[in-house]
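Colleague: Can you look at this prediction? I've put the sequence above it.
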Amino acid sequence: MRLSLPIIICFLFCQEAAFTQSGFEKIDARADTFGRSFTDAVELARQLTQPYQTDIEKARAIFTWVARNIRFDCEKFRRPEKVRFTAQTETELKTEREKWEAGQIRQILRKKKGVSEDYSRLFKTMCEAAGLEAVGITGWGRSFYDPFRKLPKKPNHAWNAVRIDGQWRLVDAAWAAGYTDDRVRKFTAYFQPGYFLTPPERFVEDHLPFEEKWQLTPCLVSREAFTRQAYSNSAQTAFRIGDYWPKAGQLIAQNREVEICIKLDSVPPALVVVSNNSKALEARQTVEDDFIVLRFKKPVRGEVGVYGGEKKGKKEWLLRYNH
């Protein structure tokens, strides 16, 4: 049966929406049944994805296993190993690099830890073993602890793109695995599924690829503009952000008052505006054209964050601004 293009697009969108609504619970639960004893990435990928027919199911199973079973190696991050190849020709260089890559994959699975390049390398290898097209991407990851600081000269992070039903989608299994302290000495495992198939316009707020084409957006973000953007929390899925304003990271006051607008798929019981000293700011809250509008007096200096959650209890950060 031949389907028109609009129907095909609708079908793919609805298919992904259905998985999103169910939260991928069954796929994640099955991935959790696979132990940490595997040392062969190809065999692991084949067994892990064997029951699934669609690209999105296979990619999710691999993403979940990698994020939940590989810990971030803080020591390796602080003291990166130097790799040198002694090949004389392009063919020899390719052979040496492939041999080294295979050894790295075995080491990652044996030690069950690695840095972002290792997560990216393992995810790509397992996707290819499962019949999925995937690429590793290098670039700059925005610092959670200082998101508005200038980027270093050299790329400092790695992630992936995987082709789902003919369309490239973005994935970061390393950041999905958890987080480190500000000095990268301690890793805390904390599964963050929001880094699976993150919308490109959100992903580029904290991931800037070295190759512009992997931004996957029509409006490219420059290195200079990258850390001048507002910073939204793509990782959290409890209160997905549909849209927000302002997009710039610098808050501008009018008559000493600042306005932040945010549209959420699910509205938390409480929204709080917090200054960088963890002080809750007094904010007026209204709803205008499906946006929650928060108005408050601009603090003297530092960051401002919008947090959502229960009225009494833990709250997730949703947006961060500088001023």
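Modeller: That came through, no problem.
Colleague: Break down the stretch 1-150 of the chain into its strands, ranges please.
Modeller: For the stretch 1-150 of the chain, strands defined by DSSP state E, counting those that start in this stretch occupy the ranges 71-72, 113-114, 134-141.
Colleague: Quick one, which of the ones you listed gets closest to Ile56.
Modeller: strand 134-141 (13.1 Å; CB to CB). Yep, even glycine has a C-beta here, placed from its N, CA and C like the rest.
Colleague: Distance from that closest one to the middle of the chain?
Modeller: Centroid separation for strand 134-141 versus its chain: 11 Å, with CA atoms, centre = their mean, to the nearest Å.
Colleague: Direction included, what does that strand pair up with?
Modeller: If you go by DSSP bridges, strand 134-141 pairs up with strand 157-164 (antiparallel), strand 207-209 (antiparallel).
Colleague: quick one, which of those is nearest to Arg78?
Modeller: Minimum separation from Arg78 across these (CB to CB) falls at strand 157-164, 14.9 Å.
Colleague: Check Asp32 and give its pLDDT.
Modeller: Confidence at Asp32, expressed as pLDDT, is 95.
Colleague: Repeat that for the one 3 residues further on.
Modeller: pLDDT for Gly35: 78.
Colleague: Any figure for the gap between it and Leu264?
Modeller: Per CB to CB, to the nearest Å, Gly35 is found 38 Å from Leu264.
Colleague: quick one: Lys263 and Val287 touch, right?
Modeller: No: between Lys263 and Val287 there is no contact under CB atoms under 8 Å: 10.0 Å.
Colleague: When these two are compared, which one has more neighbours?
Modeller: More crowded of Lys263 and Val287, by other CB atoms under 10 Å: Lys263, with 16 against 10.
Colleague: looking at this, that one is in a strand?
Modeller: Yes: using DSSP: H, G, I helix; E, B strand; the rest coil, the assignment for Lys263 is a strand.
Colleague: In the sheet, which residues pair with it? Tell me.
Modeller: Applying DSSP bridges to Lys263 gives these bridge partners: Asp243.
Colleague: Just want to check the distance between it and Ala173.
Modeller: In this view, Lys263 and Ala173 are 28 Å apart by CB to CB.
Colleague: any chance of the strands of the stretch 1-150 of the chain in TSV, plus mean neighbour count, distance to Gln167 and mean pLDDT?
Modeller: Converted to TSV, the strands of the stretch 1-150 of the chain look like this (neighbours: other CB atoms under 10 Å; distance: least, CB to CB, whole Å; pLDDT from 0 to 100):
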stretch	mean neighbour count	distance to Gln167	mean pLDDT
strand 71-72	19	29	98
strand 113-114	22	28	96
strand 134-141	19	13	98
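Colleague: closest to Gln50 out of the ones you listed?
Modeller: Of the strands of the stretch 1-150 of the chain, nearest to Gln50 by CB to CB is strand 134-141, at 18.2 Å.
Colleague: Contacts for the closest one next, please.
Modeller: 116-117, 120-121, 123-124, 127-128, 151-152, 155-163, 175, 206-211, 214, 223, 226 (CB atoms under 8 Å, 6 or more residues apart in numbering).
Colleague: are any of the residues you listed buried, and which?
Modeller: 116-117, 120-121, 123-124, 127-128, 151, 155, 157-162, 175, 206-209, 214, 226 (16 or more other CB atoms under 10 Å).
Colleague: which ones are touching the residue lying closest to Thr86 once chain neighbours are set aside?
Modeller: In this structure, Thr86 finds its nearest non-sequential neighbour in Glu96, 7.5 Å apart by CB to CB, 6 or more residues apart in numbering. The contact partners of Glu96, taken as CB under 8 Å, 6+ apart, are 85-87.
Colleague: Closest to Gly308 out of these?
Modeller: Ranked by distance to Gly308 (CB to CB), those are led by Phe85 at 48.9 Å.
Colleague: I'd guessed Pro299 sits against Ala283; true?
Modeller: No: using CB under 8 Å, Pro299 makes no contact with Ala283, being 11.6 Å away.
Colleague: can you count the residues close to Phe148?
Modeller: Neighbours of Phe148 under the rule other CB under 10 Å: 18.
Colleague: what's across from the closest residue to it other than its chain neighbours in the sheet?
Modeller: Nearest in space to Phe148, with sequence neighbours left out and distances taken as CB to CB, 6+ apart, is Asn322 at 4.4 Å. Following DSSP bridges, Asn322 is listed with bridge partners Gln250.
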